[in-house]
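# Fold the following and give me the result.
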Amino acid sequence: MGAMQLSDVLLIGGAVFIFFVCLIIFYAYLMRLKIIVDNRWLELIAILRVQQDMIPLMIEIARYYIKDAKLINEIIKARRLAYFNPTDENIAEMDFMIKRILNLEKRLRRLRYDLDFLGIKNDFAENFEEVQRRTVDYNIAVNKYNKIAGAFGRKISLFEI
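This next block holds a predicted model:
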């Protein structure tokens with residue numbers, strides 16, 4: 001009877017050991033997914049910063065063609081707010097101002113032929129495509145993480161453009 005108790009103890013000990021090994025592997029996998037999410041987020045932020053860095057050049061080009069000082073001041077104010085206080089509202093206002101500048105091409109004939117403006121417009125289009133691609137990559141990583149971490153009440157929000 002003593003040998004059976006020892007075998008029972010070994011069996012239970014082995015089961016507990018296997019359980020903890022599985023738990024450690026699961027935790028390591030979850031942390032790996034979190035690191036992937038964090039890396040995707042940093043990649044997305046880097047691309048958004050490139051866009052922020054292009055805005056002053058766009059403003060300088062537009063300033064040459066826009067004669068309305070009030071509009072220029074609104075654009076500069078929106079850029080400053082979006083850069084130093086990046087709330088959803090401030091970023092949306094800056095996006096609106098960027099679209100206003102890009103749409104000036106329709107009204108101002110000279111702007112259509114300005115190589116600097118056309119170059120920055122092209123850079124913005126390429127950057128926007130890259131932001132979309134990086135957003136999809138980030139959201140895929142978040143969904144993978146949330147499938148597992150969500151069972152423990154830990155979720156990360158998706159990023160929307």
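
# Next one: His82 relative to Asn73, how far apart?
No, residue 82 isn't His; it's Ala. 15 Å (Cβ to Cβ, to the nearest Å). Every C-beta, even on glycine, is put in place using the N, C-alpha and C of the backbone.

# swap in Ala28?
In terms of Cβ to Cβ, Ala28 sits 53 Å off from Asn73.

# State the helix or strand in which the residue nearest the centre of the chain lies.
In the chain, the residue lying closest to the centroid (Cα atoms, centre = their mean) is Leu44, at 3.8 Å. Element membership for Leu44 (DSSP states H and E) is helix 2-65.

# How far off centre is that helix?
16 Å (Cα atoms, centre = their mean, to the nearest Å).

# Pass me the low-pLDDT residue ranges in the chain, would you?
Scanning the chain for pLDDT under 70 picks out 1-4, 161.

# circling back to that earlier point, wait, the residue nearest to the centre of the chain sits on Arg134?
Yes: using Cβ atoms under 8 Å, Leu44 is in contact with Arg134, at 4.4 Å.

# Got the phi and psi for the nearest residue to Gln52 once chain neighbours are set aside?
Closest residue in space to Gln52, ignoring its immediate chain neighbours: Tyr83 at 5.9 Å, by Cβ to Cβ, 6 or more residues apart in numbering. Main-chain dihedrals, Tyr83, degrees, to the nearest 10: phi -80, psi -50.

# ok, Tyr83 - how many residues close by?
16 (other Cβ atoms under 10 Å).

# Any figure for the gap between it and Leu158?
Noted for Tyr83: a distance of 24 Å to Leu158, by Cβ to Cβ.

# go on, Asp38?
15 Å.

# what about Ala28, neighbour count?
10.

# Sweet, I'm off.
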